[in-house]
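Q: just to be clear, the model below is a prediction. Sequence and coordinates:
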Amino acid sequence: MSLWGGRFSEPSDEDLRLLNDSIRFDQALYAEDIEGSMVYARALAEAGVISAGEAETIVEGLRQVMQEFDSDRFELAAGDEDIHTAVERRLIEIVGDVGGKLHTGRSRNDQVATDFRLWTMRAADRLHEALRMLQAAIVLVAEGHSETVMPGYTHMQPAQPITAAHWLMSFFWMLERDLDRLRASRARMADCPLGSGALAGNPFAIDRQEIGAELGFERASENSLDAVSDRDFVADMLYMISLCATHLSRLAEDILIYSNPSFGFITLDDRYSTGSSLMPQKRNADPMELMRGKTGRLIGNLAGFLTTLKGLPSGYNKDLQEDKEALFDALETMHQLLPVVTATINSLQINSEAMASALTDDLLATDLADYLVRKGVSFRQSHHIVGEVVRAAAERDQTLSQLPLSTLQRICPHFAGDVSDVFDFSLSIQRRDSYGGAAPGAVRAQIRRAKARLDV
């Protein structure tokens, strides 16, 4: 059954139907479509457009349609071009002509906008829960390693000592920002478009605020022309997912590097590693490579959809049918990745001895400059002096701590016997006790703050 054929003398060409029809993917919106129709039927009755009895007949028929979908018994018909057509066609089969009154004052434009917003609000809640589980895994592992010292890197070069917990917790806060974006997007999408009609509004005295409240929205949309074409919420979600995936890709990259035997800082559980068909010794972190690789796909969904939106005139345009597959794919991809990434973190083995053996005196060069600062030397001078010390050690093929005091004093007379205290990695970490710093106490405080966020 077509919802629009009266104007045309011939049916659509089959090739056009294949291009135009969206039922193959938008049937995922069946629950939201039926719920919205139930609420709309009652709104029509309250407005006096249909009788209370007719509304109840429609609602009972819709309940049966819902049951058929829920039990996977719903049978699509040849003319079901989208989920709205399919539901209305089946409703009329069940309740008769009264089912044809449901669409009074309503357009598929405001119908699909409502369905997809409602579906996306629920999807945002599910994604929020999955990300919280990953954050909880990060905190759990970090709690046991607030004093496990490891090299920290900038430009992928050894920089300063940090702790394994500090490294892990850096990703907790990236994800927390992602969740902030998700919550903000969820709040913005809670405008109900139902009752906007095709573009000009609804001519019957329906209560749009009440319709929105019954469906779980916060408010009715302000402008009917904007409401039917607004897909900002899709772009918001695709951006949030793309940036979140970018953060997870960075985590994956670190895991790939640190699990390489050349580093050996971490070991992945056998359940989250793969082998080679040729080389028996191989232990590959394939899930992390997939996390890294699928990030490109997710960013592509965002770029493609923004390109679709950029040239559209006002009002609804068929181009907007491209919104669903992009977001469906993005969310499905995230829900494939997140359980594996979470389990990988939960089962991660931190190799503290390998981390400790990778610590070198060069990581304490900044501490040596800070030592001179405490002796009254300006930091800019100290930086230059320690650069000379580093060069002297390299020329002698010695570490910084192996240089004799006499050599240090020839470079700068401010060096004294207590300079040996600088070459203690634990003390170096403990000095970084500022808010958010790498000191064990500061990291434990950071973890406490993170755990409080998990309870929100």
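A: Done, it's in.
Q: low-confidence ranges, the stretch 351-456 of the chain, go.
A: 456 (pLDDT under 70).
Q: should've said the chain
A: 1-17, 20, 456.
Q: Gly152 and Trp167 touch, don't they?
A: Yes: using C-beta atoms under 8 Å, Gly152 is in contact with Trp167, at 7.3 Å. For the C-beta atoms, the positions are set from N, CA and C on the backbone; glycine is no exception.
Q: more crowded one of the two?
A: The neighbour count for Gly152 versus Trp167, taken as other C-beta atoms under 10 Å, is higher for Trp167 (25 against 17).
Q: now for the helix or strand encompassing the more buried one, which elements pack on it?
A: For Trp167, the host element (DSSP states H and E) is helix 164-188. Identification of packing neighbours for helix 164-188 by 3 or more C-beta pairs under 8 Å, 6 or more residues apart in numbering; DSSP states H and E yields helix 108-143, strand 149-154, helix 232-259, helix 440-454.
Q: distance to Leu102 for those - can I get that in TSV?
A: Output for the helices and strands packed on helix 164-188, formatted as TSV (distance: least, C-beta to C-beta, whole Å):
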stretch	distance to Leu102
helix 108-143	10
strand 149-154	62
helix 232-259	25
helix 440-454	44
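Q: wait, which of those is closest to Asp424?
A: strand 149-154 (10.4 Å; C-beta to C-beta).
Q: assign a three-state SS to Pro413, would you?
A: Using DSSP: H, G, I helix; E, B strand; the rest coil, the structure places Pro413 in coil.
Q: how about it, phi and psi?
A: Dihedral angles of Pro413 (phi, psi; degrees, to the nearest 10) stand at phi -70, psi -10.
Q: against Leu403, how distant is it?
A: Distance of Pro413 to Leu403, given as C-beta to C-beta, to the nearest Å: 15 Å.
Q: okay, those two: which has more neighbours?
A: Ranked by neighbour count (other C-beta under 10 Å), Pro413 and Leu403 place Leu403 first, with 19 against 9.
Q: now that one: closest residue in space that isn't a chain neighbour?
A: The shortest distance from Leu403 to any non-neighbouring residue, by C-beta to C-beta, 6 or more residues apart in numbering, is to Ala393 (5.5 Å).
Q: in contact with the nearest residue to Val139 once chain neighbours are set aside, which residues?
A: Excluding its sequence neighbours, the residue lying closest to Val139 (C-beta to C-beta, 6+ apart) is Ala450, at 5.4 Å. Ala450 makes contact with Gln135, Val139, Met169, Phe172, Trp173, Glu176 under the criterion C-beta atoms under 8 Å, 6 or more residues apart in numbering.
Q: if you rank those residues by neighbours, which is first?
A: Highest count within the contacts of Ala450 by other C-beta under 10 Å belongs to Met169, 26 neighbours.
Q: is the residue of the chain positioned farthest from its centre in a helix, a strand, or coil?
A: Ranking residues of the chain by C-alpha distance from their mean position (C-alpha atoms, centre = their mean) puts Ser406 at the top, at 56.0 Å. Following three-state DSSP, we place Ser406 in the helix state.
Q: so for the helix or strand hosting Val59, what gets flagged as buried?
A: Using DSSP H and E, Val59 sits within helix 52-70. Buried positions in helix 52-70, judged by neighbour count with 16 or more other C-beta atoms under 10 Å: Glu54, Ala55, Thr57, Ile58, Val59, Gly61, Leu62, Val65, Met66, Phe69.
Q: how about Val141, what does it touch?
A: Leu168, Ile345, Asn346, Leu348, Ile350.
Q: try it again at 6 Å.
A: With contact set as C-beta atoms under 6 Å, 6 or more residues apart in numbering, Val141 has these partners: Leu168, Ile345, Leu348.
Q: I'd like the residues you listed as CSV, with neighbour count and distance to Leu309 appended.
A: As requested, those are exported to CSV (neighbours: other C-beta atoms under 10 Å; distance: C-beta to C-beta, whole Å):
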residue, neighbour count, distance to Leu309
Leu168, 24, 37
Ile345, 23, 36
Leu348, 20, 40
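Q: measure Ser314 to Leu306 for me?
A: 17 Å.
Q: which of the two has more neighbours?
A: Leu306 (14 against 10).
Q: contacting residues for the more buried one?
A: Leu306 neighbours (C-beta under 6 Å, 6+ apart): none.
Q: domain ranges for the chain?
A: 5-104, 115-204+222-357, 361-445 (automatic domain parsing).
Q: columns distance to Ala213 on top of the ones you listed, output as TSV?
A: Shown next, in TSV, are the domains of the chain (distance: least, C-beta to C-beta, whole Å):
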stretch	distance to Ala213
domain 5-104	9
domain 115-204+222-357	8
domain 361-445	42
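Q: among those domains, which is nearest Asp455?
A: Nearest of the domains of the chain (C-beta to C-beta): domain 115-204+222-357, 9.9 Å.
Q: ends of the closest one, what's the gap?
A: This stretch, domain 115-204+222-357, spans 57 Å end to end (C-alpha to C-alpha, to the nearest Å).
Q: ditto for stretch 347-364
A: Stretch 347-364 end-to-end distance (C-alpha to C-alpha) = 32 Å.
Q: swap in stretch 43-62?
A: 15 Å.
Q: which outside residues touch that stretch?
A: Contacts for stretch 43-62 (C-beta under 6 Å, 6+ apart): 34, 37-38, 41-42, 91, 94-95, 98, 101-102, 104, 204-206, 211.
Q: ok, which pair from the residues you listed is furthest apart?
A: Of all pairs in these, the most separated under C-beta to C-beta is Ile94 and Ala205 at 27.9 Å.
Q: neighbour-wise, which of the two wins?
A: Each of Ile94 and Ala205 has its neighbours counted (other C-beta under 10 Å); Ile94 has more, 16 against 12.
Q: list the contacts of the more buried one.
A: Contacts of Ile94 (C-beta under 6 Å, 6+ apart): Gly61, Gln64.
Q: now do it against Ser170, distance only.
A: The value you get for Ile94 to Ser170, if C-beta to C-beta is used, is 56 Å.
Q: cool, and Ile211?
A: 45 Å.
Q: more crowded one of the two?
A: Counted by other C-beta under 10 Å, Ile211 and Ser170 do not tie: Ile211 has more neighbours, with 23 against 19.
Q: from what I see, that one and Leu194 are in contact.
A: Yes: Ile211 is in contact with Leu194 according to C-beta atoms under 6 Å; the separation is 5.3 Å.
Q: list the buried residues for stretch 246-259?
A: In stretch 246-259, counting by 16+ other C-beta under 10 Å, buried: 246-252, 254-259.
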